[in-house]
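Asker: Build the 3D model from these lines:
(one chain, ligands or ions: 2)
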Amino acid sequence: MNIIFLGPPGAGKGTQAQKICSALNIPQISTGDILRRAMKEGTETGLKAKSFIDAGQLVPDEVIIDIVKERLAMDDCRQGYILDGFPRTVPQAEALDTFAAIDCVIELDVKDEVLVERLSGRRVCVKCGATYHLSMLNGKTTCDVCGEELIQRNDDKAETVLNRLKVYHDQTAPLIGYYENKGLLKKVDGAQGLENTFAAIMKTLGAQA
Ligand code: AP5
Ligand code: MG
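Answerer: Residues are numbered from 1 along each chain as shown. Ligands and ions are numbered 1, 2, ... in the order given. Sure thing, here's the model as predicted:
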């Protein structure tokens with residue numbers, strides 16, 4: 001099944017995509033992760049993307065569309081995939097329609113006040129990217145998965161978070177109507193706990209948890 005996770009920053013796209021992908025054994029394609037890796041490696045794409053990401057702006061469509069097109073052409077995508085963080089603009093969605101057949105769009109719905117709290121408390125592993133929230137760490141500063149250090153993402157600082165939310169409402173939220181019109185949109189309450197949200201998504205996808 002070819003699935004899109006749509007939702008504002010902090011809605012839980014990455015957290016849930018990771019869980020659903022391992023349950024369904026399909027790849028998680030996170031454009032944010034791809035861009036952060038490119039920045040870390042200092043590639044041309046990474047250098048182009050850095051100023052946009054640090055300011056909480058979207059990177060230009062032409063940069064991201066080719067990356068996703070190439071990634072979806074890889075063998076591991078033949079049995080399906082979850083797109084986490086793409087598309088994020090109407091032109092990206094229109095481009096996607098030319099090279100992919102999407103079966104379902106899951107919209108994770110969470111209020112802005114909750115998002116700000118989640119993002120300011122988010123910590124991620126420098127090595128494997130596993131995601132945590134301060135409230136679940138009890139003072140721990142290393143990753144349960146690989147033991148490396150946990151850090152705050154640069155774009156999770158307060159002023160950048162507010163900008164990312166504005167960008168979401170202005171540029172990405174129109175995709176809700178775009179996919180509703182195609183009959184593909186399924187809304188899931190993302191403000192439930194991690195396990196309840198996971199179960200609700202699996203049910204919506206018609207999969208066994
Ligand atoms: P990206 O990395 O995609 O960031 P984002 O969309 O802003 O989303 P986040 O990763 O911040 O949130 P999430 O929904 O994954 O939440 P998470 O699961 O981590 O993109 C970063 C940047 O890259 C963009 O700003 C842009 O510049 C660029 N970019 C990427 N794609 C692009 C594109 N297509 N076009 C142009 N530019 C692009 O959860 C958040 C926190 O909440 C965690 O601490 C987690 O533990 C906690 N949490 C999650 N679920 C729950 C729950 N149910 N209950 C309690 N806590 C929870
Ligand atoms: Mg994410």
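Asker: okay, CA-based contacts and neighbour counts for the rest of this
Answerer: Fine.
Asker: can you list the weak-confidence ranges in this protein?
Answerer: Residues of the chain meeting the criterion pLDDT under 70: 208-209.
Asker: try 90 this time
Answerer: Across the chain, residues meeting the criterion (pLDDT under 90) sit at 129, 158-159, 207-209.
Asker: Which residue ranges of it form helices?
Answerer: Per DSSP state H, the chain carries helices over the ranges 13-24, 31-41, 44-54, 61-72, 90-99, 112-120, 134-137, 158-167, 174-181, 194-205.
Asker: Quick check: which of those helices is buried the most?
Answerer: Most buried of these by mean neighbour count (mean count of other Cα atoms under 10 Å) is helix 13-24; its value is a mean of 19.
Asker: From the chain's centre, how far out is that one? Work that out for me.
Answerer: Here helix 13-24 is found 10 Å from its chain centre; the criterion is Cα atoms, centre = their mean, to the nearest Å.
Asker: And it, what does it pack against?
Answerer: strand 2-6, strand 28-30, strand 81-84, helix 194-205 (3 or more Cα pairs under 8 Å, 6 or more residues apart in numbering; DSSP states H and E).
Asker: May I have the first one as PDB, with CA atoms only?
Answerer: It refers to strand 2-6. Extracted in PDB, the C-alpha atoms of strand 2-6 (Å, rounded to 0.1, in the frame of the first residue of the first chain):
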ATOM      1  CA  ASN A   2       1.300   3.500  -0.900                       C
ATOM      2  CA  ILE A   3       0.500   5.800   2.000                       C
ATOM      3  CA  ILE A   4       1.000   9.500   2.700                       C
ATOM      4  CA  PHE A   5       1.200  10.800   6.300                       C
ATOM      5  CA  LEU A   6      -0.100  14.400   6.300                       C
END
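Asker: Whether that strand contacts ligand 1 - can you check?
Answerer: No: using Cα under 6 Å from any ligand atom, strand 2-6 never reaches ligand 1; the gap is at least 8.3 Å.
Asker: what packs against that strand?
Answerer: So strand 2-6, by 3+ Cα pairs under 8 Å, 6+ apart, packs with helix 13-24, strand 81-84, strand 104-109.
Asker: Relative to ligand 1, which of these is closest?
Answerer: Closest approach to ligand 1 among the helices and strands packed on strand 2-6 (Cα to the nearest ligand atom): helix 13-24, 3.6 Å.
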